[in-house]
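Participant: I'll drop the sequence and a predicted model, then ask my questions.
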Amino acid sequence: MSIKITGTSHIKPISEKNTFDFIALELDRYRFHALTNRTKSKFNWADASKIGFGGYLFAYFGGLMQNYLAKKLGVAPGEDMLSAIKLANKTNARLVLIDRPIQITLQRFSKNISVLEKLKFVCFLIISMLFVREKISLNEIPTANAVNKLLKELQQKFPGIYRVLVKERDEYMAHKLIILQQQFPEAKILVIVGAGHLTGLKTLLETHL
(Lines give C-alpha, C1' and ligand atoms only; values in the text may rest on other atoms or scores of the structure.)
Protein backbone atom coordinates (compact mmCIF):
# COMPACT_ATOMS: atom_id res chain seq x y z
CA MET A 1 0.00 0.00 0.00
CA SER A 2 1.57 3.29 -1.12
CA ILE A 3 -0.28 5.36 1.46
CA LYS A 4 1.55 6.87 4.43
CA ILE A 5 -0.62 8.15 7.28
CA THR A 6 0.80 10.70 9.71
CA GLY A 7 -0.98 11.56 12.94
CA THR A 8 -0.70 15.09 14.31
CA SER A 9 -1.72 17.16 17.33
CA HIS A 10 -3.22 19.86 15.04
CA ILE A 11 -0.97 22.51 16.60
CA LYS A 12 2.51 21.48 15.43
CA PRO A 13 4.05 21.51 11.93
CA ILE A 14 4.60 18.16 10.25
CA SER A 15 8.09 16.87 9.54
CA GLU A 16 8.34 15.04 6.24
CA LYS A 17 11.36 14.76 3.90
CA ASN A 18 9.99 12.37 1.30
CA THR A 19 8.06 13.46 -1.78
CA PHE A 20 4.54 12.36 -2.68
CA ASP A 21 2.16 12.62 -5.61
CA PHE A 22 -0.79 13.50 -3.37
CA ILE A 23 -1.10 15.01 0.09
CA ALA A 24 -4.48 14.30 1.68
CA LEU A 25 -5.66 16.49 4.54
CA GLU A 26 -8.23 16.05 7.31
CA LEU A 27 -10.05 19.13 6.03
CA ASP A 28 -13.12 19.96 4.01
CA ARG A 29 -13.49 22.94 1.67
CA TYR A 30 -14.97 25.22 4.34
CA ARG A 31 -12.22 24.56 6.89
CA PHE A 32 -9.53 24.74 4.19
CA HIS A 33 -10.75 28.18 3.15
CA ALA A 34 -10.99 29.38 6.76
CA LEU A 35 -7.49 28.11 7.52
CA THR A 36 -5.73 29.48 4.45
CA ASN A 37 -7.49 32.86 4.73
CA ARG A 38 -6.95 33.12 8.50
CA THR A 39 -10.66 33.56 9.09
CA LYS A 40 -11.38 34.12 12.79
CA SER A 41 -14.26 32.27 14.43
CA LYS A 42 -17.11 34.52 15.47
CA PHE A 43 -20.38 33.43 17.01
CA ASN A 44 -23.06 33.53 14.32
CA TRP A 45 -26.73 32.94 15.17
CA ALA A 46 -27.63 32.18 11.55
CA ASP A 47 -25.04 29.41 11.26
CA ALA A 48 -25.99 28.06 14.69
CA SER A 49 -29.64 27.76 13.69
CA LYS A 50 -28.74 25.91 10.48
CA ILE A 51 -26.54 23.22 11.96
CA GLY A 52 -28.01 23.08 15.46
CA PHE A 53 -26.84 24.89 18.56
CA GLY A 54 -25.26 21.82 20.14
CA GLY A 55 -22.97 21.17 17.19
CA TYR A 56 -22.22 24.83 16.62
CA LEU A 57 -21.25 25.49 20.24
CA PHE A 58 -19.06 22.39 20.25
CA ALA A 59 -17.17 23.63 17.17
CA TYR A 60 -16.97 27.21 18.44
CA PHE A 61 -15.50 26.37 21.83
CA GLY A 62 -13.31 23.67 20.31
CA GLY A 63 -11.81 26.35 18.08
CA LEU A 64 -11.20 28.62 21.06
CA MET A 65 -9.39 25.79 22.87
CA GLN A 66 -7.21 25.08 19.83
CA ASN A 67 -6.30 28.76 19.60
CA TYR A 68 -5.39 28.79 23.30
CA LEU A 69 -3.10 25.77 23.00
CA ALA A 70 -1.50 27.12 19.84
CA LYS A 71 -0.70 30.43 21.55
CA LYS A 72 0.94 28.58 24.44
CA LEU A 73 3.24 26.90 21.93
CA GLY A 74 3.80 30.08 19.95
CA VAL A 75 2.43 28.63 16.72
CA ALA A 76 -0.58 29.30 14.50
CA PRO A 77 -3.73 27.16 14.93
CA GLY A 78 -3.79 24.41 12.31
CA GLU A 79 -0.02 24.64 11.86
CA ASP A 80 0.11 20.96 10.89
CA MET A 81 -2.24 21.48 7.95
CA LEU A 82 -0.57 24.75 6.92
CA SER A 83 2.83 23.06 6.87
CA ALA A 84 1.37 20.22 4.76
CA ILE A 85 -0.03 22.76 2.30
CA LYS A 86 3.40 24.41 2.06
CA LEU A 87 4.99 21.00 1.47
CA ALA A 88 2.54 20.31 -1.35
CA ASN A 89 3.32 23.65 -2.99
CA LYS A 90 7.07 23.09 -2.60
CA THR A 91 7.06 19.56 -4.05
CA ASN A 92 4.24 20.03 -6.60
CA ALA A 93 2.12 17.42 -4.88
CA ARG A 94 -1.64 17.59 -5.45
CA LEU A 95 -3.73 18.48 -2.40
CA VAL A 96 -6.80 16.39 -1.60
CA LEU A 97 -9.37 17.30 1.06
CA ILE A 98 -10.78 14.10 2.50
CA ASP A 99 -12.80 15.04 5.60
CA ARG A 100 -16.60 15.06 5.68
CA PRO A 101 -18.09 18.56 5.33
CA ILE A 102 -18.06 20.17 8.77
CA GLN A 103 -21.69 21.27 8.43
CA ILE A 104 -22.82 17.65 8.08
CA THR A 105 -20.76 16.52 11.08
CA LEU A 106 -22.11 19.32 13.27
CA GLN A 107 -25.68 18.70 12.13
CA ARG A 108 -25.33 15.05 13.10
CA PHE A 109 -23.78 16.10 16.42
CA SER A 110 -26.82 18.29 17.12
CA LYS A 111 -29.51 15.85 16.00
CA ASN A 112 -28.15 12.39 16.80
CA ILE A 113 -26.66 12.84 20.26
CA SER A 114 -28.84 13.20 23.33
CA VAL A 115 -28.79 16.33 25.47
CA LEU A 116 -27.75 14.18 28.43
CA GLU A 117 -24.71 12.80 26.60
CA LYS A 118 -23.68 16.29 25.50
CA LEU A 119 -23.94 17.63 29.06
CA LYS A 120 -21.99 14.65 30.45
CA PHE A 121 -19.31 15.23 27.82
CA VAL A 122 -18.95 18.91 28.73
CA CYS A 123 -18.63 18.03 32.41
CA PHE A 124 -16.08 15.34 31.53
CA LEU A 125 -13.95 17.84 29.59
CA ILE A 126 -14.07 20.42 32.38
CA ILE A 127 -13.14 17.89 35.06
CA SER A 128 -10.36 16.47 32.87
CA MET A 129 -8.82 19.91 32.40
CA LEU A 130 -9.11 20.91 36.06
CA PHE A 131 -7.99 17.66 37.64
CA VAL A 132 -5.70 16.09 35.05
CA ARG A 133 -3.20 13.82 36.79
CA GLU A 134 -0.91 12.87 33.91
CA LYS A 135 1.54 15.36 32.48
CA ILE A 136 0.83 16.01 28.83
CA SER A 137 3.42 17.74 26.69
CA LEU A 138 1.87 20.07 24.14
CA ASN A 139 5.11 19.86 22.17
CA GLU A 140 4.73 16.14 21.46
CA ILE A 141 2.21 14.06 19.57
CA PRO A 142 0.50 11.61 21.98
CA THR A 143 1.66 8.01 21.74
CA ALA A 144 -0.53 5.43 20.02
CA ASN A 145 -1.24 3.76 23.37
CA ALA A 146 -2.34 7.04 24.95
CA VAL A 147 -4.58 7.92 22.01
CA ASN A 148 -6.16 4.46 21.87
CA LYS A 149 -6.80 4.59 25.60
CA LEU A 150 -8.61 7.91 25.25
CA LEU A 151 -10.60 6.68 22.25
CA LYS A 152 -11.68 3.55 24.13
CA GLU A 153 -12.81 5.68 27.07
CA LEU A 154 -14.68 8.01 24.70
CA GLN A 155 -16.40 5.08 23.00
CA GLN A 156 -17.48 3.55 26.31
CA LYS A 157 -18.68 6.73 28.03
CA PHE A 158 -19.93 8.70 25.02
CA PRO A 159 -20.85 6.25 22.22
CA GLY A 160 -22.87 8.79 20.24
CA ILE A 161 -20.10 11.37 20.22
CA TYR A 162 -17.51 8.73 19.32
CA ARG A 163 -19.67 7.53 16.43
CA VAL A 164 -20.26 11.00 14.94
CA LEU A 165 -16.86 12.61 15.53
CA VAL A 166 -14.55 9.61 15.05
CA LYS A 167 -16.03 6.46 13.52
CA GLU A 168 -18.16 8.04 10.79
CA ARG A 169 -15.39 10.41 9.75
CA ASP A 170 -12.84 7.57 9.69
CA GLU A 171 -15.13 5.72 7.31
CA TYR A 172 -15.70 8.80 5.15
CA MET A 173 -11.98 9.56 4.84
CA ALA A 174 -11.10 5.91 4.18
CA HIS A 175 -13.68 5.79 1.37
CA LYS A 176 -12.18 8.87 -0.32
CA LEU A 177 -8.66 7.46 -0.01
CA ILE A 178 -9.73 4.10 -1.45
CA ILE A 179 -11.24 5.85 -4.48
CA LEU A 180 -8.08 7.95 -4.90
CA GLN A 181 -5.88 4.86 -4.70
CA GLN A 182 -8.02 3.05 -7.26
CA GLN A 183 -7.84 6.00 -9.65
CA PHE A 184 -4.07 6.39 -9.23
CA PRO A 185 -2.74 2.94 -8.25
CA GLU A 186 0.92 3.90 -8.71
CA ALA A 187 0.70 7.19 -6.79
CA LYS A 188 2.38 7.84 -3.46
CA ILE A 189 -0.05 9.41 -1.01
CA LEU A 190 0.69 11.20 2.27
CA VAL A 191 -2.29 11.49 4.63
CA ILE A 192 -2.31 14.07 7.44
CA VAL A 193 -4.93 13.48 10.15
CA GLY A 194 -5.33 14.11 13.84
CA ALA A 195 -3.83 11.40 16.04
CA GLY A 196 -7.32 10.24 17.05
CA HIS A 197 -8.04 9.08 13.49
CA LEU A 198 -4.74 7.29 12.92
CA THR A 199 -5.61 3.76 14.13
CA GLY A 200 -9.14 3.66 12.75
CA LEU A 201 -8.10 4.93 9.34
CA LYS A 202 -5.19 2.51 9.08
CA THR A 203 -7.43 -0.42 10.02
CA LEU A 204 -10.06 0.49 7.44
CA LEU A 205 -7.50 0.90 4.66
CA GLU A 206 -5.71 -2.35 5.49
CA THR A 207 -9.08 -4.11 5.37
CA HIS A 208 -10.23 -2.70 2.04
CA LEU A 209 -7.02 -2.22 0.06
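Facilitator: That came through fine.

Participant: alpha carbons only for contacts and neighbour counts from here, please
Facilitator: OK.

Participant: low pLDDT regions in this structure?
Facilitator: For the chain, the stretches flagged by pLDDT under 70 are 1, 10-11, 39-77, 125-126, 128-142, 209.

Participant: What ranges does it have for its helices?
Facilitator: With helices called from DSSP state H, the chain shows them at 29-36, 45-51, 53-73, 79-91, 102-112, 115-130, 144-157, 159-162, 168-183, 198-208.

Participant: Would you format the ones you listed as JSON lines with mean neighbour count and distance to residue 21 included?
Facilitator: Shown next, in JSON lines, are the helices of the chain (neighbours: other CA atoms under 10 Å; distance: least, CA to CA, whole Å):
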{"stretch": "helix 29-36", "mean neighbour count": "14", "distance to residue 21": "19"}
{"stretch": "helix 45-51", "mean neighbour count": "13", "distance to residue 21": "35"}
{"stretch": "helix 53-73", "mean neighbour count": "16", "distance to residue 21": "30"}
{"stretch": "helix 79-91", "mean neighbour count": "18", "distance to residue 21": "9"}
{"stretch": "helix 102-112", "mean neighbour count": "18", "distance to residue 21": "26"}
{"stretch": "helix 115-130", "mean neighbour count": "12", "distance to residue 21": "39"}
{"stretch": "helix 144-157", "mean neighbour count": "14", "distance to residue 21": "27"}
{"stretch": "helix 159-162", "mean neighbour count": "18", "distance to residue 21": "32"}
{"stretch": "helix 168-183", "mean neighbour count": "18", "distance to residue 21": "11"}
{"stretch": "helix 198-208", "mean neighbour count": "15", "distance to residue 21": "18"}
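
Participant: Tabulate those helices (a markdown table), appending distance to residue 189.
Facilitator: A markdown table is the format used below for the helices of the chain (distance: least, CA to CA, whole Å):
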| stretch | distance to residue 189 |
| --- | --- |
| helix 29-36 | 19 |
| helix 45-51 | 33 |
| helix 53-73 | 27 |
| helix 79-91 | 11 |
| helix 102-112 | 23 |
| helix 115-130 | 35 |
| helix 144-157 | 21 |
| helix 159-162 | 27 |
| helix 168-183 | 8 |
| helix 198-208 | 13 |
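
Participant: of the ones you listed, which approaches residue 8 most closely?
Facilitator: Nearest to residue 8, of all these, is helix 79-91, at 6.8 Å by CA to CA.

Participant: Distance-wise, check the nearest residue to residue 121 once chain neighbours are set aside relative to residue 20.
Facilitator: Nearest residue to residue 121, sequence neighbours excluded (CA to CA, 6 or more residues apart in numbering): residue 158, at 7.1 Å. Computed with CA to CA, to the nearest Å, the distance linking residue 158 and residue 20 is 37 Å.

Participant: cool, and residue 95?
Facilitator: Residue 95 is 10 Å from residue 20, by CA to CA.

Participant: Alright, I will stop here.
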